[in-house]
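Asker: Predicted structure and sequence below. I'll ask about it afterward.
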Amino acid sequence: MRGWQKIVLAVLVVYGVLCAAAYDVMRQTPGRFGQIMEHVPDIAFLVLPFKPLWFHARAGTLHVGDAAPEFTLPTQDNKSTVELASFRGSRPVVLVFGSYT
Amino acid sequence: MVYIEEAHPIDAWQDDDNIKAKIFLHSTRTQKERCDMAGTCLVKLGIEYPAIVDTIANSTERAYTAWPDRLYVIDRDGRVAYKSKPGPFGFHTEDVARTLQRLLPDAGSPPAPAVTRAEPAPDTAGQSVARN
């Protein structure tokens, strides 16, 4: 193999390893992911295919048509609870997951 | 709104936009802390639709792979009618509007989406804002 071919191969291998490492980090719990990403330089976002890796890593196991996982959670003011099953038969429910930060 | 664990707490991965806006918040460690944080979020972002708060064990977030933000529509039979791609990139409220149109064909044209992103930059976690 010629010199330049070895260099190209080495770059591809390193790139592949970095992508695999990024994917593995994305599969960690959010807390762990955040702690690791705190130390990752911004250039990683330019070099690595962050968005497609993210979409795959965070796809989850639910599909359209599956039964929505049940939950019973307190309201923000902690005065009552809401059960997802209570909406069944009456109306659709929009779930907006998020946080302040 | 299902309020889940923080996207960019200062004890993990702080975010430049939060720094500029002087939002320096720790991860929540108790149910009460998270409920209080949810309350702050509702007030600061003017969110007027109901909010419930995930357990500190993050049981709902884990079931829905929802962190940092995500949209779902559950139909009347309790089945997933729409699941957005993972946020922040996949947070598209117009898809929710289209799904509701399909599920509620007699409801007429929906109003403009009630939830829009405050920060569209792909490398920041978005914030849900309700606009009337």
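Answerer: Structure's in. What do you need?

Asker: quick one: buried residues of stretch A:55-71?
Answerer: A:Ala57, A:Arg58, A:Leu62, A:Ala68, A:Pro69, A:Phe71 (16 or more other Cβ atoms under 10 Å in any protein chain shown). The way it works is simple: take the backbone N, C-alpha and C, and place the C-beta from them, glycine included.

Asker: Tell me where the longest helix sits in chain A.
Answerer: Taking DSSP state H as the criterion, chain A has its longest helix at helix A:3-26.

Asker: ok, and for the next helix or strand after it, which residues are buried?
Answerer: Per DSSP states H and E, the first helix or strand lying C-terminal to helix A:3-26 is helix A:30-37. Within helix A:30-37, the residues scored as buried using 16+ other Cβ under 10 Å are A:Pro30, A:Gly31, A:Phe33, A:Gly34, A:Ile36, A:Met37.

Asker: what's the spacing between the helix or strand following helix A:30-37 and its chain's center?
Answerer: Next along the chain after helix A:30-37, taking DSSP H and E as the criterion, comes helix A:43-47. Counting by Cα atoms, centre = their mean, to the nearest Å, helix A:43-47 is centred 17 Å from the centre of its parent chain.

Asker: Show the average pLDDT along helix A:43-47.
Answerer: Here helix A:43-47 scores 89 as its mean pLDDT.

Asker: Could I have the CA atoms of the longest helix belonging to chain B written out in CSV?
Answerer: The single longest helix within chain B, with elements called by DSSP H, is helix B:31-45. Presented in CSV, the C-alpha positions along helix B:31-45 are these (Å, rounded to 0.1, in the frame of the first residue of the first chain):
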residue,chain,number,x,y,z
GLN,B,31,-39.6,15.5,43.4
LYS,B,32,-40.3,18.8,45.1
GLU,B,33,-37.3,20.5,43.5
ARG,B,34,-38.4,19.3,40.1
CYS,B,35,-42.0,20.5,40.6
ASP,B,36,-40.6,23.9,41.7
MET,B,37,-38.4,24.0,38.6
ALA,B,38,-41.3,23.1,36.4
GLY,B,39,-43.2,26.0,38.0
THR,B,40,-40.4,28.4,37.2
CYS,B,41,-40.3,27.1,33.6
LEU,B,42,-44.1,27.6,33.1
VAL,B,43,-43.9,31.2,34.4
LYS,B,44,-40.7,32.3,32.6
LEU,B,45,-41.7,30.8,29.3
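
Asker: So what's the gap between the next helix or strand after it and the chain middle?
Answerer: Downstream of helix B:31-45, the first helix or strand assigned by DSSP H and E is strand B:52-53. Centroid displacement of strand B:52-53 relative to its chain, using Cα atoms, centre = their mean, is 11 Å.

Asker: Perfect, that will be all.
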